[in-house]
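Asker: only the shape, not the letters, is given here:
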């Protein structure tokens, strides 16, 4: 829901800048857009996607008494509880909107009350009388927030390209981000691909005065729940509460049904509690790919079980090429994950039927869903033996791609091993320290690994894709597994409990209880395109990908990390073992070409 923009201390240029930024983010809130001048040096703008209380009270930016100005992006899931608290304090309301609850809560509680908010959000709040600005991002990183800062000048926006479109800053590409992009598929968490534009960290709060001085900074941190956890029954109760909160809206809601356990359990929980069928959406491929990529078969069976209005989006290499320029034009920041294009195509179809799409994002990171978690548990249990075997394995070129990657990834240092497991390929030793700066400190190895996935991978890959792809088509994305209760539960489990529970134990058990045992026990498949097969079998697709990469290397190759440069020069040699990296570069190359125009 919505796009937000704020400009501070650019004098007469600020007025034109805020209008350009508002237009740049209009797709995020296609139902209404507006901007306000708070004073000659301070401007705020918002774009609204109407999902709760469809009246005009919550049109962006919201203003009360010509003193309080507010623009935000997200949804507040505990708005009724907060509303009741405010009513008890004598506060009166003019609407049903969670925007009004949010704003009046900030007026009463200021920055110290932000930790009581449960939902997804990024916001700017201005108190004209006190001459103060509060800017914040939720602690789970569900919604993005970028900023430019130089001396007393600030700009904030939901998208980096909106700041770039202001016409007030240097938009040079930050070539230092090629390193994290090649191995992680995105920039470092506090950076963007523009030198002048940074990101607010998840949970970061900044308080400014009108002269641009930082008055204070805070960090929201989710703490483990204090109650003793009793197992599957309590997990089900928490999940049910999360589903009921996240599926509620005044507009149609649908489900991104991947064919995996996470989204299937969300759909089951909703129908079990309400009996209301929903629209569901999944991808499918041509028949000759369905054996290797069977998600659509499982999704169709689940949709039929729950009487969904089910939609399959057929994705072919021809469709990718046909939509590629439009997809690149929608990208705020490059993320080299093919799930981004899939989500974009699904949203393109889904906008005909719904305004909100719910996904299973977050379950893997909270409850050990990835194959790298299985591998890391095995590594921790058999570290000494594996270190010896890895030395031998590295000299055998005939190892499978999976076995070879594991052999090269293993290191004496546990954090480095998991960094390698979670990267597209082993990070060179000379660069590993740059990544370790972002690795969680003070935790046991497996808990630290899960936190890395939650704070680094989930926020900067999965959730960024979720936001960008869906908001490009004016659809709000929601992720019930990242409800506060479930995150607190994951954090409360100790090292041994996480290790013993294996991969998503309670999710699979609950799915088995519904009669979907076959789905619960299926081998996990990645949510991605058949890139390797298309590169081998489709000449037009292969030629387009390789030309884009080679053209990019000609212009920017001098800034590439060594392994990235080697692949970019001869991508045809790496189809079998590095097809994910090829797609990664294809996305970056196309994004770079677009912004140069």
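Answerer: Here it is on my side, so go on. The structure displayed is predicted, hence computed values, not measured ones.
Asker: list the buried ones in stretch 100-115?
Answerer: By neighbour count on 16 or more other C-beta atoms under 10 Å, the buried set for stretch 100-115 is 100-107, 109, 111, 114-115. Placement of C-beta: from N, CA and C, glycine included.
Asker: skipping adjacent residues, who's closest to residue 224 in space?
Answerer: For residue 224, ignoring the flanking residues on the chain, the nearest one in space by C-beta to C-beta, 6 or more residues apart in numbering is residue 492 at 3.6 Å.
Asker: give me the residue at the spatial middle of this protein.
Answerer: residue 463 (1.0 Å; C-alpha atoms, centre = their mean).
Asker: quick check: it vs residue 300, distance?
Answerer: 27 Å (C-beta to C-beta, to the nearest Å).
Asker: re earlier: quick one: the residue nearest to residue 224 and residue 510, what's the gap?
Answerer: For residue 492 relative to residue 510 (C-beta to C-beta), the value is 19 Å.
Asker: of these two, who's got more company?
Answerer: Between residue 492 and residue 510, counting by other C-beta atoms under 10 Å, residue 510 is the more crowded of the two (21 against 15).
Asker: how about residue 324, nearest residue that isn't a chain neighbour?
Answerer: Sequence neighbours aside, residue 590 is the residue nearest to residue 324 in space, at 6.9 Å (criterion: C-beta to C-beta, 6+ apart).
Asker: ok but that neighbour is inside a strand, no?
Answerer: No. The assignment for residue 590, made by DSSP: H, G, I helix; E, B strand; the rest coil, is helix rather than a strand.
Asker: okay but residue 49 is in contact with residue 26, surely?
Answerer: No. Contact status for residue 49 versus residue 26: not in contact, 10.6 Å apart, counting by C-beta atoms under 8 Å.
Asker: what about those two, which has more around it?
Answerer: Taking neighbours as other C-beta under 10 Å, residue 49 and residue 26 compare with residue 49 leading, 22 against 14.
Asker: contact partners for that one?
Answerer: 1-2, 28-31, 355, 471, 474-476 (C-beta atoms under 8 Å, 6 or more residues apart in numbering).
Asker: same deal with residue 581?
Answerer: By C-beta under 8 Å, 6+ apart, the neighbours of residue 581 are 182, 424-425, 564, 567, 574.
Asker: in three-state terms, label it for me.
Answerer: helix.
Asker: mind checking how far it is from residue 419?
Answerer: 16 Å.
Asker: worst-scoring helix or strand of the chain, pLDDT-wise?
Answerer: Scoring the helices and strands of the chain by mean pLDDT, DSSP states H and E places helix 401-409 at the bottom, with a mean of 74.
Asker: next SSE after that one?
Answerer: Sequence order places helix 414-422 as the next helix or strand after helix 401-409, per DSSP states H and E.
Asker: tell me which residues are up against that following helix.
Answerer: 372, 375-376, 379-380, 383, 406, 408-411, 426-427, 432, 435-436, 439, 445, 448-449, 452-453, 457.
Asker: tell me which residues in it are buried?
Answerer: By 16+ other C-beta under 10 Å, the buried positions in helix 414-422 come out as 414-422.
Asker: okay, and residue 15 sits in which element?
Answerer: Assigned by DSSP H and E, residue 15 falls within helix 13-24.
Asker: and for residue 74?
Answerer: strand 68-76.
Asker: need the next SSE after that strand, C-terminal direction.
Answerer: Following strand 68-76 toward the C-terminus (DSSP H and E): helix 79-88.
Asker: rewinding a little: could you list every helix and strand in contact with the helix or strand harbouring the residue nearest to the centre of the chain?
Answerer: Following DSSP H and E, one finds residue 463 within helix 463-471. Here helix 463-471 touches helix 339-350, strand 476-478, going by 3 or more C-beta pairs under 8 Å, 6 or more residues apart in numbering; DSSP states H and E.
Asker: what bits of the stretch 351-500 of the chain have low per-residue confidence?
Answerer: Along the stretch 351-500 of the chain, the model assigns pLDDT under 70 to residues 393-404.
Asker: who's in contact with residue 198?
Answerer: Neighbouring residues of residue 198 by C-beta under 8 Å, 6+ apart: 146-149, 190-192.
Asker: what about the strands in the stretch 351-500 of the chain?
Answerer: Remark: strands assigned in the stretch 351-500 of the chain by DSSP state E, counting those that start in this stretch are 356-358, 476-478.
Asker: stretch 528-547 - what's its average pLDDT?
Answerer: In this model, stretch 528-547 has a mean pLDDT of 97.
Asker: coming back round to it: just give me the closest of the contacts of residue 198 to residue 594.
Answerer: Distance to residue 594, by C-beta to C-beta, is smallest for residue 192 among the contacts of residue 198, at 15.3 Å.
Asker: I'd say that closest one and residue 159 touch.
Answerer: No. If you go by C-beta under 8 Å, residue 192 and residue 159 don't touch, sitting 9.7 Å apart.
Asker: so what sits against both of those two?
Answerer: If you check residue 192 and residue 159 against C-beta under 8 Å, 6+ apart, the residues they both contact are residue 146.
Asker: ok, the closest residue to residue 259 other than its chain neighbours to residue 92 distance?
Answerer: By the measure of C-beta to C-beta, 6+ apart, the closest residue to residue 259 outside its immediate chain neighbours is residue 295, 3.3 Å from it. According to C-beta to C-beta, residue 295 and residue 92 sit 50 Å apart.
Asker: and these two? which has more neighbours close in?
Answerer: residue 295 (21 against 7).
Asker: shouldn't the more buried one be in contact with residue 263?
Answerer: No. Look at residue 295 against residue 263 with C-beta under 8 Å: they stay out of range, at 10.2 Å.
Asker: any idea which element residue 303 lies in?
Answerer: Under the criterion of DSSP H and E, residue 303 resides in helix 295-305.
Asker: hmm, back to that, the contacts of residue 49 in helices, which ones?
Answerer: residue 471 (DSSP state H).
Asker: for the contacts of residue 49, which one is nearest residue 166?
Answerer: Nearest to residue 166 among the contacts of residue 49, with distances taken as C-beta to C-beta, is residue 28, at 16.3 Å.
Asker: distance-wise, check residue 238 relative to residue 231.
Answerer: Noted for residue 238: a distance of 12 Å to residue 231, by C-beta to C-beta.
Asker: these two: which is more packed in?
Answerer: residue 238 (22 against 11).
Asker: show me what contacts the closest residue to that one other than its chain neighbours?
Answerer: Nearest residue to residue 238, sequence neighbours excluded (C-beta to C-beta, 6+ apart): residue 485, at 4.3 Å. Going by C-beta under 8 Å, 6+ apart, residue 485 touches 225, 238, 241-242.
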